[in-house]
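Engineer: Next input, structure requested:
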Amino acid sequence: MRHGKKFNHLGRQTAHRKAMLANMACSLIEHKRINTTVAKAKALRVFVEPLITKSKSDTTHNRRVVFSYLRDKYAVTELFKEISVKIADRPGGYIRIIKLGNRQGDNAPMAMVELVDYNEIYNPKGNKAKKTTRRSRRKKSDEVATTNEVVDSAKEDKSEE
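Structural biologist: Modelled structure (predicted):
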């Protein structure tokens, strides 16, 4: 019986599943955003978020623990140097899963997994783009005023001649 066992095995053996999640975690750390299926995205969240929490305190022990999961020196360095600095004040929830629809070939539900602090669109602390409108009365009235001044100065020039 499987009472209380809520871990998604993703239809893979243990070694294959661990290797796949480690590779997906390294890709997420390197690219800050990846596309995958919803089931793998949810499994990746459970796998990566404790590692990101460990990266907040940069000790030799934590680096070795994270390396034992990821098995990629570049990803561990990136995680401890860049990502941990950005998420230092965040208490959790380092990953966002956005559902994208179904895949063309097999109709599998797809999702985009991204690190929360690296998306400028949803980041409230990031620089907000200045809102521009297509029709602005103020600018139009300023343009009319300047064109009227140009026309008036041209009339004065003609009258002086």
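Engineer: how about Ala41, secondary structure?
Structural biologist: At Ala41, secondary structure determined by DSSP: H, G, I helix; E, B strand; the rest coil is helix.
Engineer: Next, count neighbours for it.
Structural biologist: A count of nearby residues for Ala41, using other Cβ atoms under 10 Å, gives 23. Every C-beta, even on glycine, is put in place using the N, C-alpha and C of the backbone.
Engineer: most centrally placed residue in this structure?
Structural biologist: Centroid check for the chain by Cα atoms, centre = their mean gives Asn119 as the closest residue, at 3.6 Å.
Engineer: which residues in the protein form helices?
Structural biologist: Counting by DSSP state H, the chain has helices at residues 14-31, 38-54, 60-70, 73-78, 84-86, 137-160.
Engineer: and those, which one is worst for confidence?
Structural biologist: For the helices of the chain, the weakest mean pLDDT is recorded on helix 137-160, namely a mean of 58.
Engineer: Would you mark the buried spots in stretch 24-39?
Structural biologist: Neighbour-count burial for stretch 24-39 flags Met24, Ala25, Cys26, Ser27, Leu28, Ile29, Lys32, Ile34, Thr36, Thr37, Val38 (criterion: 16 or more other Cβ atoms under 10 Å).
Engineer: which residues touch it?
Structural biologist: Residues outside stretch 24-39 that contact it (Cβ atoms under 8 Å, 6 or more residues apart in numbering): 8, 10, 40, 44, 47-48, 51, 69-70, 72, 74-75, 78-79, 83, 95, 97, 99-100, 103, 108-115, 118-119.
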